[in-house]
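Colleague: the sequence and its predicted three-dimensional model are supplied below.
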Amino acid sequence: MKHLKPTFILAAAALIGGVGMAQAVDLRLAHGSPRGHPNYTHADMLAGAIKENSNGDVNITVYGDRQLGDDRDMIQLVSSGTVDMGYASSVNFPLILNKVAFDALQLPGLVPTYDDLAKMLVSPPAIKMLDSLEDANLKGLCFSEGGQRHFLNRNGPIKSVEDFKGLKTRIVPIPLHKEIWQKLGANPIGVPYGEVYTAMQTKVIDGVEFNISSIAADKVYENANYVTLTGHYFWPGLFFMNKEKYDSLTPEEQKAIVDTCRELTPEFVMQTKGEEAKQIKILEDAGVEISEFPDRENLLAATEPVFEAWSAKDPLIGEYIEEAKKLNP
């Protein structure tokens with residue numbers, strides 16, 4: 001009997017051992033949200049659900065709290081393939097990729113409640129926005145929600161649109177937000193997220209439009225004691241994946257990732273709603289004065305010209321507006 005060569009034996013063993021044993025896919029998902037923020041929770045929820053729904057075939061390791069970079073970094077890292085998956089706030093996509101359609105998600109007052117948002121973020125126009133990222137080598141997976149935006153002010157509660165006039169207000173420095181706050185009469189100032197606490201402390205700004213979780217987590221209320229629940233717009237973000245990496249997966253793996261993400265979207269939104277209620281209680285216990293905003297009608301009237309101006313920038317914005325109007329005819 002001839003002796004088989006060692007290399008042949010090893011090759012045969014590898015072939016036999018591989019039959020019926022598919023390799024699990026290991027992916028890295030990165031985001032910049034701090035521990036305790038809704039988006040941090042959502043990333044962990046997504047990783048766990050995808051592993052379960054793929055029967056363990058897709059394993060995702062999450063790197064949060066800016067371990068691999070902030071929102072702006074995520075778009076570049078995932079597009080280049082340095083990181084497989086990422087999460088970033090929607091405000092970054094018009095700014096970095098010129099995807100103006102995403103501005104529709106923050107038109108003031110268009111989507112008034114979390115329940116409405118849970119429907120809108122899985123609507124056909126929203127899915128079209130996700131699909132529009134493919135030419136940037138990104139596969140848009142689904143949306144999440146970081147928290148409705150309200151107004152923190154050191155001078156007192158905001159009782160009317162008139163109270164915004166002249167206020168040095170921190171904004172994310174994008175054209176849409178600048179236009180909105182100028183229409184309300186404020187003096188919008190672009191301040192990086194990490195510098196908001198100091199800017200309020202040194203009176204560089206009088207107020208900030210922020211979500212409740214950020215006000216609580218970053219303790220900005222230590223320098224400003226009045227929160228008005230203006231609810232002027234939400235703060236959606238999205239999970240996305242390197243398109244080439246996505247295309248390399250099996251159809252079953254792709255389906256497990258996309259279907260799981262989109263099925264979780266309403267749950268992400270409602271989880272943030274519940275978290276906001278808890279954070280409001282924390283702020284109240286810390287001595288922060290929480291007020292409702294009685295002048296919403298005038299806020300919407302003052303910002304109405306923004307709708308017409310932005311609808312002309314991308315047809316998808318008009319589609320999103322029309323879809324939202326169906327919810328509250």
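Modeller: Great, that's in hand. What you see is a predicted model; the values in this text were computed from it and never measured.
Colleague: contacts, neighbours, all on C-alpha from now
Modeller: Fine.
Colleague: spatially nearest residue to the residue nearest the centre of the chain, not counting backbone neighbours?
Modeller: The residue lying closest to the centre of the chain (CA atoms, centre = their mean) is G237, at 1.7 Å. Excluding its sequence neighbours, the residue lying closest to G237 (CA to CA, 6 or more residues apart in numbering) is S89, at 3.8 Å.
Colleague: backbone phi and psi for that neighbour, please?
Modeller: phi -60, psi 150 (degrees, to the nearest 10).
Colleague: cool, and R28?
Modeller: According to degrees, to the nearest 10, R28 has phi -110, psi 130.
Colleague: and the pLDDT at it?
Modeller: Looking at R28, its pLDDT is 98.
Colleague: next one: it from D259, what distance?
Modeller: According to CA to CA, to the nearest Å, R28 and D259 sit 18 Å apart.
Colleague: now the longest helix belonging to the chain: mean pLDDT?
Modeller: Criterion DSSP state H: the longest helix present in the chain is helix 251-285. Averaged over helix 251-285, pLDDT sits at 97.
Colleague: could you report the neighbour count for D285?
Modeller: Neighbourhood size, D285 [other CA atoms under 10 Å]: 10.
Colleague: my error: substitute L107 in the last question.
Modeller: 23.
Colleague: identify the bridge partners of K139.
Modeller: In this entry, K139 is beta-bridged to M241, by DSSP bridges.
Colleague: okay, now it: neighbour count?
Modeller: Residues lying near K139 (other CA under 10 Å) number 25.
Colleague: for the residue nearest to G237, what are its contacts?
Modeller: D71, W235, P236, G237, L238 (CA atoms under 8 Å, 6 or more residues apart in numbering).
Colleague: the residue nearest to the centre of the chain: what secondary structure?
Modeller: strand (DSSP: H, G, I helix; E, B strand; the rest coil).
Colleague: confidence-wise, which helix or strand of the chain is lowest on average?
Modeller: helix 6-18 (a mean of 42; mean pLDDT, DSSP states H and E).
Colleague: sorry, back to before: could you report the distance from the residue nearest to the centre of the chain to D103?
Modeller: 11 Å.
Colleague: so if I had to pick from R28 and D259, which one is more boxed in?
Modeller: Legend: neighbour count by other CA under 10 Å for R28 and D259, higher for R28 (17 against 14).
Colleague: residues contacting that one?
Modeller: With CA under 8 Å, 6+ apart, R28 has these contacts: I60, T61, V62, Y63, V83, D84, M85.
Colleague: returning to what we had before: for the longest helix of the chain, packing partners?
Modeller: Packed against helix 251-285, as judged by 3 or more CA pairs under 8 Å, 6 or more residues apart in numbering; DSSP states H and E, are the following elements: helix 38-53, helix 114-120, strand 138-145, helix 212-217.
Colleague: please identify the most buried of those.
Modeller: Ranked by mean neighbour count, those are led by strand 138-145 with a mean of 26 (mean count of other CA atoms under 10 Å).
Colleague: who's L152 bridged to?
Modeller: Bridge pairing for L152 - DSSP bridges - gives V208, V227.
Colleague: quick check: E253 touching S54?
Modeller: Yes: E253 lies in contact with S54 (CA atoms under 8 Å); the separation is 6.7 Å.
Colleague: outside of stretch 63-73, which residues touch it?
Modeller: Under CA under 8 Å, 6+ apart, the answer for stretch 63-73 is 28-35, 40, 74, 87-89, 92, 96.
Colleague: can you flag which of these belong to strands?
Modeller: With DSSP state E as the criterion, strands contain R28, L29, A30, Y87, A88, S89 from among the contacts of stretch 63-73.
Colleague: so the second one touches T82, yeah?
Modeller: No: at 10.8 Å, L29 does not count as touching T82 under the criterion of CA under 8 Å.
Colleague: ok, the two, which is more surrounded?
Modeller: L29 (24 against 12).
Colleague: which non-adjacent residue is nearest that one?
Modeller: M85 (4.4 Å).
Colleague: where do the strands of the stretch 101-250 of the chain begin and end?
Modeller: For the stretch 101-250 of the chain, the strands defined by DSSP state E, counting those that start in this stretch occupy 138-145, 149-153, 168-171, 187-190, 207-211, 226-229, 236-242.
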